[in-house]
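Asker: got a predicted model here, sequence first, then my questions.
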Amino acid sequence: MRAPFHSIYSHGLVRAAVCIPAVRVADPAFNLEHTLRLARQASEQKATIALFPELGLSAYTCEDLFQQDALLDAVDEALGQLVLESRHLTPILLVGAPLRFEGHIYNCAVVVYRGEILGVVPKSYLPNYREFYERRWFTRAAESFFGHVTIAGEVVPFGNDLVFDATNVDGFALHVEVCEDVWTPIPPSSWAAMAGATVLANLSASNITVGKAEYRRNLCSSQSGRCVAAYLYSAAGPGESTTDLAWDGHALIYENSDLLAESARFSPEEHMIVADVDLERLMQDRSRLTFFHENVSDYQDRVADVRRIPFEFEVPEGEIPLIRDVARFPYVPDDPAQRDARCYEAYNIQVHGLMKRLSATGIEKIVIGVSGGLDSTHALIVAARTMDALGLPRTNILAYTMPGFATSQGTKSNAWKLMRALGVTAEEIDIRPSCLQMLKDIGHPYAEGKPVYDVTFENVQAGERTSHLFRLANFHDGIVLGTGDLSELALGWATYGVGDQMSHYNVNASVPKTLIQHLIRWVIQTGQFGDEAGATLQAILDTEISPELVPADEGDDVTQPAQSTQDKIGPYELQDFNTYYVTRFGFRPSKVAYLAWNAWGDRERGTWSDLLPSEKRNQYDLKTIKGWLEVFCWRFFKTSQFKRSALPNGPKVGSGGSLSPRGDWRAPSDSEATVWLEELRRNVPD
């Protein structure tokens with residue numbers, strides 16, 4: 001049965017908990033009590049997995065006590081009680097215990113679910129250096145000669161080669177390793193990931209020394225990224241012996257190198273962290289990464305030895321809200337330091353792309369149309385930076401504002417102010433006479449004075465502007481710099497061919513509208529072009545986004561654009577969100593809607609960029625999100641690909657930020673949108 005729309009389990013996510021219980025050294029009854037306490041909390045949170053530290057049922061620091069029968073018997077008894085108690089708990093429990101088999105003691109992870117032990121995983125690599133002395137007590141996995149053991153009266157799989165496969169949850173396959181295993185050149189989890197494991201869990205003790213926490217983070221992040229998997233990590237916490245060591249109770253959850261959750265360290269109390277892991281994201285990324293499959297092929301004999309242990313996971317019922325942060329602007333980090341670094345990189349990618357194109361052609365002049373809108377403003381700034389980097393005068397930028405039938409006084413004024421502030425060669429060409437001649441030539445009603453503002457009327461203006469720019473480039477030995485952005489390309493909001501879709505080189509082709517807005521805000525905040533330019537840039541940000549191709553009605557305010565692009569094709573902040581998750585991850589529309597609702601459903605939830613003023617901090621209900629996503633699916637999949645198939649050159653700027661047929665996105669120009677629209681309408685409530 002499918003979970004409700006407002007449940008993470010309907011959208012390819014599972015909930016992971018990493019638990020750091022209080023322990024007493026060599027007191028399994030006490031340790032069981034505290035393990036169960038956190039296990040129940042994880043169950044109340046509807047977690048799929050609850051991970052506990054290494055040797056948690058005995059405590060890690062028992063030393064020679066591990067060889068005492070009384071302690072090992074007490075551990076067996078505690079484990080049996082844990083299995084019984086697990087019958088009514090939601091998560092799979094991953095607990096650590098010293099266990100005896102065939103005359104050997106193993107440092108084990110025990111996988112317990114709903115009253116059963118699914119398997120036992122012995123530690124593969126036993127540290128025996130500096131403060132560690134594990135080979136004194138334990139036998140490593142490779143030295144065992146059996147694949148199954150009898151425990152609690154049941155025969156269960158035993159080994160470090162086990163992947164626990166939830167047969168009823170797509171993409172959920174779990175592998176478990178123990179502490180030192182991940183510190184090795186080839187951890188057991190690497191083989192498991194190549195065999196299909198998507199969630200990798202590490203029961204660790206890991207005493208703390210100065211600087212070690214950062215190394216753990218790097219280690220877990222790296223393993224998560226290389227394996228394209230989630231990585232869960234625990235470290236022993238309060239109660240372990242401090243005879244010679246100290247413990248910080250560090251818990252981490254990563255997903256494909258991204259940190260989802262981290263515990264406070266050195267907490268005197270037991271604690272738990274929880275995060276929602278996106279299995280579909282992991283599976284989508286794996287499907288695209290050719291190196292991942294090539295690695296599997298290179299080691300297919302070793303990978304084939306991994307044993308898959310099937311089980312059925314009981315999916316929690318009811319609405320289970322997402323606890324994962326979903327960025328409203330996936331192309332723009334909220335953190336100011338990361339955002340500044342991203343803005344710096346974005347500008348320099350564009351500048352260096354344009355520098356190469358100019359040097360390769362031997363051309364030193366740029367021709368650009370400047371409308372007073374966002375896209376041409378950003379492209380003009382990039383052009384100015386490029387001239388500075390090449391040691392050429394900014395007067396080599398030939399900038400033209402080209403008012404048409406609907407150009408407002410505000411945008412025209414802003415265009416002139418910006419061109420003057422940047423010191424480029426600025427001119428104005430009134431395109432209305434040539435447009436009127438074209439309309440007369442084709443017999444359009446507007447040429448006879450009739451107020452017919454159809455697509456032909458609009459595209460005549462867009463085409464005339466582009467035609468002028470190309471001929472100006474010929475005349476002045478320059479190249480036409482494109483200004484159209486990724487958002488417009490995704491939605492097909494561009495005039496094809498002799499129009500704003502075409503240029504000699506387009507620096508904005510993989511930059512979405514929301515990123516352009518933030519880039520301009522960043523330029524203002526950092527004062528990169530002075531106060532005069534900054535004031536003009538702010539005015540441009542405050543202007544309604546518009547193609548300015550349809551005149552205002554009589555009596556309307558002519559200082560502002562009469563058209564609103566977002567009234568026609570939707571808010572760019574929503575459509576950029578849709579573009580990112582559809583093209584970067586290939587998510588189905590219902591999941592995109594679910595993520596959008598979590599990001600945009602409540603303006604009070606989550607964080608906002610400090611550059612975004614409060615009046616721009618919007619929210620949207622699910623009906624609105626669904627409606628604009630329907631528009632997106634129709635335009636993106638059905639009507640717009642032919643424009644993207646003929647894109648001019650331009651640099652890729654960010655992840656999920658290219659629709660070039662020579663780069664990230666190759667698609668037929670005559671496909672249908674039916675499956676996306678039907679999936680959206682069927683699975684997203686109104």
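Answerer: Sure, I can see it.
Asker: surely residue 490 touches residue 636?
Answerer: Yes - between residue 490 and residue 636 there is a contact at 5.7 Å, judged by CB atoms under 8 Å. Where you see a C-beta, it was placed from the backbone N, CA and C, and this is true even at glycine.
Asker: now the common contact residues for these two.
Answerer: residue 579 (CB atoms under 8 Å, 6 or more residues apart in numbering).
Asker: could you grab the helix/strand/coil label for the nearest residue to residue 378 once chain neighbours are set aside?
Answerer: Of all residues not flanking residue 378 in the chain, residue 516 sits nearest, at 4.8 Å (CB to CB, 6 or more residues apart in numbering). Residue 516 carries the three-state label helix when classified by DSSP: H, G, I helix; E, B strand; the rest coil.
Asker: contact partners for residue 282?
Answerer: 171, 198, 228-230, 255-256.
Asker: same thing but 7 Å
Answerer: 171, 198, 228-230, 256 (CB atoms under 7 Å, 6 or more residues apart in numbering).
Asker: export the residues you listed to JSON lines and tack on distance to residue 120, neighbour count and secondary structure?
Answerer: Shown next, in JSON lines, are the contacts of residue 282 (distance: CB to CB, whole Å; neighbours: other CB atoms under 10 Å; DSSP: H, G, I helix; E, B strand; the rest coil):
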{"residue": "171", "distance to residue 120": "24", "neighbour count": "19", "secondary structure": "coil"}
{"residue": "198", "distance to residue 120": "21", "neighbour count": "27", "secondary structure": "coil"}
{"residue": "228", "distance to residue 120": "27", "neighbour count": "22", "secondary structure": "coil"}
{"residue": "229", "distance to residue 120": "22", "neighbour count": "28", "secondary structure": "coil"}
{"residue": "230", "distance to residue 120": "22", "neighbour count": "27", "secondary structure": "strand"}
{"residue": "256", "distance to residue 120": "28", "neighbour count": "19", "secondary structure": "coil"}
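Asker: test my guess that residue 24 contacts residue 30.
Answerer: Yes - using CB atoms under 7 Å, residue 24 is in contact with residue 30, at 4.5 Å.
Asker: returning to what we had before: count of neighbours near the residue nearest to residue 378?
Answerer: Per other CB atoms under 10 Å, the neighbour tally for residue 516 reads 25.
Asker: what separation do you get for it and residue 632?
Answerer: Counting by CB to CB, to the nearest Å, the gap between residue 516 and residue 632 amounts to 19 Å.
Asker: same question for residue 473.
Answerer: 34 Å.
Asker: try residue 681
Answerer: Relative to residue 632, and taking CB to CB, residue 681 is found at 14 Å.
Asker: likewise residue 512?
Answerer: Taken as CB to CB, the span from residue 512 to residue 632 is 13 Å.
Asker: phi and psi next, for the residue nearest to the spatial centre of the chain.
Answerer: The chain has residue 330 as the residue nearest its centroid, 6.7 Å off, counting by CA atoms, centre = their mean. Here is the backbone geometry of residue 330 (degrees, to the nearest 10): phi -60, psi -20.
Asker: which residue comes closest to it once chain neighbours are left out?
Answerer: Distances taken as CB to CB, 6+ apart put residue 580 closest to residue 330, at 4.2 Å, once the chain neighbours are dropped.
Asker: surely the one you found is in contact with residue 331?
Answerer: Yes - applying CB under 7 Å as the test, residue 580 and residue 331 come out as touching, 6.5 Å apart.
Asker: low pLDDT regions in this protein?
Answerer: Low-confidence segments of the chain (pLDDT under 70): 1-2, 555-558.
Asker: recalculate using a threshold of 80.
Answerer: Within the chain, the stretches with pLDDT under 80 are 1-3, 554-560, 562, 656-657.
Asker: farthest from the middle of it: give me that residue.
Answerer: Outermost in the chain, CA atoms, centre = their mean: residue 448 at 53.1 Å.
Asker: do you know how far that one is from residue 406?
Answerer: 19 Å.
Asker: now swap in residue 598 and tell me
Answerer: Distance from residue 598 to residue 406, by CB to CB: 38 Å.
Asker: got it, and residue 522?
Answerer: Using CB to CB, one obtains 30 Å as the distance from residue 522 to residue 406.
Asker: same question, residue 17
Answerer: Distance, residue 17 to residue 406, by CB to CB: 57 Å.
Asker: go on, residue 102?
Answerer: To residue 406, residue 102 is 85 Å away according to CB to CB.
Asker: of the two, who's got more company?
Answerer: Between residue 102 and residue 406, counted using other CB under 10 Å, the more crowded position is residue 406 (21 against 10).
Asker: residue 473 and residue 632 - which one has more neighbours?
Answerer: residue 632 (25 against 21).
Asker: could you find the closest non-adjacent residue to that one?
Answerer: Computed as CB to CB, 6+ apart, the closest residue to residue 632 that is not its neighbour in sequence is residue 578, at 4.6 Å.
Asker: from residue 490, how far out is the closest residue to residue 586 other than its chain neighbours?
Answerer: Excluding the flanking residues, the one nearest residue 586 by CB to CB, 6+ apart is residue 284, at 5.2 Å. Distance from residue 284 to residue 490, counting by CB to CB: 18 Å.
Asker: neighbour count: the two, which is higher?
Answerer: residue 490 (25 against 18).
Asker: wait, what's in contact with that one?
Answerer: Listed by CB under 7 Å, 6+ apart, the contact set of residue 490 reads 575, 579, 636, 659.
Asker: wait, is it part of a helix?
Answerer: Yes - using three-state DSSP, the assignment for residue 490 is a helix.
Asker: from residue 502, how far off is it?
Answerer: 17 Å.
Asker: quick one on the thing from earlier: run through who's touching the one helix or strand the residue nearest to residue 632 maps to.
Answerer: Here residue 578, judged by DSSP states H and E, is contained in helix 572-585. Applying CB under 7 Å, 6+ apart, the set of residues contacting helix 572-585 from outside is 281, 284, 328-331, 487, 490-491, 512-514, 566, 569, 587, 592, 595-596, 599-600, 618, 620, 625, 628-629, 632, 636, 655-656, 659, 665.
Asker: dump it to PDB, restricted to CA.
Answerer: Extracted C-alpha coordinates of helix 572-585, given in PDB (Å, rounded to 0.1, in the frame of the first residue of the first chain):
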ATOM      1  CA  TYR A 572      11.100  31.900 -11.400                       C
ATOM      2  CA  GLU A 573      11.900  30.800  -7.800                       C
ATOM      3  CA  LEU A 574       9.600  27.800  -8.200                       C
ATOM      4  CA  GLN A 575      10.500  27.100 -11.800                       C
ATOM      5  CA  ASP A 576      14.200  27.100 -11.100                       C
ATOM      6  CA  PHE A 577      13.500  24.700  -8.200                       C
ATOM      7  CA  ASN A 578      11.600  22.400 -10.700                       C
ATOM      8  CA  THR A 579      14.400  22.700 -13.300                       C
ATOM      9  CA  TYR A 580      17.100  21.600 -10.800                       C
ATOM     10  CA  TYR A 581      15.300  18.500  -9.500                       C
ATOM     11  CA  VAL A 582      14.000  17.400 -12.900                       C
ATOM     12  CA  THR A 583      17.300  17.800 -14.800                       C
ATOM     13  CA  ARG A 584      19.900  17.200 -12.000                       C
ATOM     14  CA  PHE A 585      18.200  14.100 -10.500                       C
END
